[in-house]
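Undergrad: Structure for this input, please:
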Amino acid sequence: MFVKKFSIYKPYSFYWTRTYRSYAFILAVVLLVLILKFLFGVSESHPAFKALLFAPILPFVYWVALSLTVRNSYKPLKGKLEGHIVFRNDAIIIADKIYPLDDIWNIEFEGIDWLGYEHWTRGLSEKFEDSFSQGVDNTLVLFLKDKQIIKTRFQKLDEYEFREIEEVILEYYLKDKISYLHTVEVLGLSKQDEWSRLKELKLNS
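TA: Modelled structure (predicted):
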């Protein structure tokens, strides 16, 4: 019997991305320029000094060149995929830990990400990275009745992957473990008739 699984994502505490290497290069060049100028008194007219003044823009030139090249490249994973999340009607299994649905007060999903999702805007921490996502910017949050909060990062392979377990998600909705609006978001319901059917499902349960 096929069981749908979502891979658990465990990020590294630090990862040398292209962006961080670029920043490190720029910082090293700036420090070298300051050392040559103030410690060794190298003239600004010296050819080596002029070359160093130009060096900090090289990462940006490289980034522009990559941007103009047609490539289907993904961001670095910056962690590892280890273990799985399984959503069942009566429980949620995270790696080797089983959380019975009766012990869960509320279920939330944070993040809207999937494998291949293209990010056009990137912050300073990803300035020089490729635009296609690894789909790991998603978090399952379980609010347990004993006041524990369990957060688990996971990977989605496509935008509507949760529709593969729609019956399970609807079961959580009918048992008031996940809200109406959150169910709409998780399943990617975008039509008025889909919203209406979801409301009627609760009324007729």
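
Undergrad: Which residue is the nearest non-sequential neighbour of Thr19?
TA: Phe128 (4.3 Å; Cβ to Cβ, 6 or more residues apart in numbering). For every residue, glycine as well, the C-beta is placed using N, CA and C.

Undergrad: actually Glu108, sorry about that
TA: Using Cβ to Cβ, 6+ apart, the nearest residue to Glu108 is Val141, at 4.3 Å.

Undergrad: That neighbour belongs to a helix, doesn't it?
TA: No. Judged by DSSP: H, G, I helix; E, B strand; the rest coil, Val141 forms no part of a helix; its state is strand.

Undergrad: burial count for it?
TA: 13 (other Cβ atoms under 10 Å).

Undergrad: Verify the contact between it and Ile107 for me.
TA: Yes. Contact criterion Cβ atoms under 8 Å: Val141 and Ile107 qualify, at 7.4 Å.

Undergrad: picking that back up, for the residue nearest to Thr19, give me its contacts.
TA: Counting by Cβ atoms under 8 Å, 6 or more residues apart in numbering, Phe128 makes contact with Thr17, Arg18, Thr19, Ser22, Pro59, Tyr62, Trp63.

Undergrad: what residues does the helix or strand harbouring the fourth one touch?
TA: Using DSSP states H and E, the element containing Ser22 is helix 18-38. Taking contacts as Cβ under 8 Å, 6+ apart, the residues outside helix 18-38 that touch it are 42, 44, 48-49, 52-53, 55-56, 58-59, 62-63, 76, 124-129.

Undergrad: Could you rerun that using 7 Å?
TA: With Cβ atoms under 7 Å, 6 or more residues apart in numbering as the test, helix 18-38 has contacts from Val42, Phe49, Leu52, Leu53, Ala55, Pro56, Pro59, Ser125, Glu126, Lys127, Phe128, Glu129.
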